[in-house]
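>>> Below: sequence and its predicted model.
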Amino acid sequence: MTKLSVNINKIATLRNARGGNIPDVRLAAINCQKFGADGITVHPRPDERHIRYSDVYEIRPIITTEFNIEGYPSDKFIDLVLAVKPHQVTLVPDPPGAITSNAGWDTKKNLSFLKNVVSVFRDAGIRTSVFVDAGNEAIKYAAKSGTDRIELYTEPYARLYPVNREKAIEPYIRAALKAKELGLGINAGHDLSLENLSFISENIPFLDEVSIGHALISDALYYGLENTIQMYKRLLVK
C-alpha cells in the first residue's frame with residue numbers, strides 16, 4: 001500500500017495569518033498521525049511564511065510515523081535537516097520567493113550540486129528524495145546523484161486529468177518504470193486530491209509514498225481532519 005504523508009504547511013499558514021498559536025501545528029501533527037497518516041511533511045521556506053524553523057524542532061519529538069522535510073538545500077536548510085535528522089529529506093528547486101513548487105530539478109544541469117548535497121545527507125543516515133518532472137533524462141541524472149528516491153511532480157497530471165486522464169498518466173507510468181529500473185524508490189506529490197488520487201494510485205507501479213497538503217487540509221474544513229485522512233487513505237488501496 002502506498003503511504004500517505006500529510007503536509008501540514010497550510011495549518012501553519014492559517015496560524016500565521018492571525019498570530020498566536022491557533023491552530024497548533026504540533027497538535028495537528030499529533031492528530032494527523034492518530035487519524036491514520038503514515039507520515040508528516042513540512043516545507044520550511046526562507047521567509048517562514050508558513051512552517052517556521054522553530055516548528056520543525058518542536059514537531060520532531062512527537063513523530064511516531066515518518067518525518068519528511070522538504071525544501072531548497074541552502075546552507076541554513078541543510079543545517080536544519082542535519083540537526084533534526086528526519087527520516088527523509090526531499091530536495092526541491094524552489095527559489096526563495098516561490099509561492100509553491102512549480103517544477104522539478106534540472107538534474108543534468110545541477111548534477112554536481114545534487115551529488116554533494118545527497119552525500120551529506122547520506123553520510124548522516126537520512127533518506128533522500130529529489131523532486132523531478134516525469135521525464136527519463138531527469139530521472140536518469142537523479143539516479144546519478146546517489147539519491148534513494150525521486151518525487152514525481154504531479155501538477156501536470158492534475159491539470160490534464162479532468163480532460164484526458166489516460167494521457168495525463170502516461171508519462172508518469174513511464175517515469176515510474178524507469179525509476180524502478182534504476183533502483184530508485186518513487187514518491188509523488190503536488191495537486192493530488194480526492195478527485196485524481198485513486199487513478200494515479202491504481203496506475204503508477206511501485207509508488208512508495210504520496211505527499212499531500214493543500215487539497216487534504218482544504219477538504220478537512222468540510223469533512224473533518226480524521227474523516228478526510230481516511231478518505232485519502234482508502235484511495236491508496238490498490
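That came through, no problem. Residues are numbered from 1 along each chain as shown.
>>> host element of residue 55?
Residue 55 is part of helix 53-59, with elements assigned from DSSP states H and E.
>>> Next: residue 176.
helix 165-181.
>>> quick one: the strands in this structure?
For the chain, the strands defined by DSSP state E occupy 3-7, 39-42, 67-71, 88-91, 127-132, 149-153, 185-189, 207-212.
>>> Which positions within the last one qualify as buried?
Of the residues in strand 207-212, 207, 209-212 count as buried by neighbour count, 16 or more other CB atoms under 10 Å. Just so you know, the C-beta spots here come from the backbone N, C-alpha and C atoms, and that holds for glycine as well.
>>> So what pairs up with the residue nearest in space to the middle of the chain in the strands?
Compute the mean C-alpha point of the chain, and by CA atoms, centre = their mean the closest residue is residue 211, 4.1 Å away. Note on residue 211: beta-bridge partners residue 5, residue 189, judged by DSSP bridges.
>>> That one is in contact with residue 151, isn't it?
Yes. Counting by CB atoms under 8 Å, residue 211 does reach residue 151; the two are 7.1 Å apart.
>>> Report the set of residues contacting both of those two.
Both residue 211 and residue 151 are contacted by 90, 187-189, under the criterion CB atoms under 8 Å, 6 or more residues apart in numbering.
>>> and the residues you listed as CSV, adding neighbour count and pLDDT?
Formatted as CSV, the shared contacts of residue 211 and residue 151 follow (neighbours: other CB atoms under 10 Å; pLDDT from 0 to 100):
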residue, neighbour count, pLDDT
90, 26, 98
187, 25, 98
188, 26, 98
189, 25, 97
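>>> among these, which two are most distant?
Farthest pair in the shared contacts of residue 211 and residue 151 (CB to CB) is 90 and 188. Separation: 11.2 Å.
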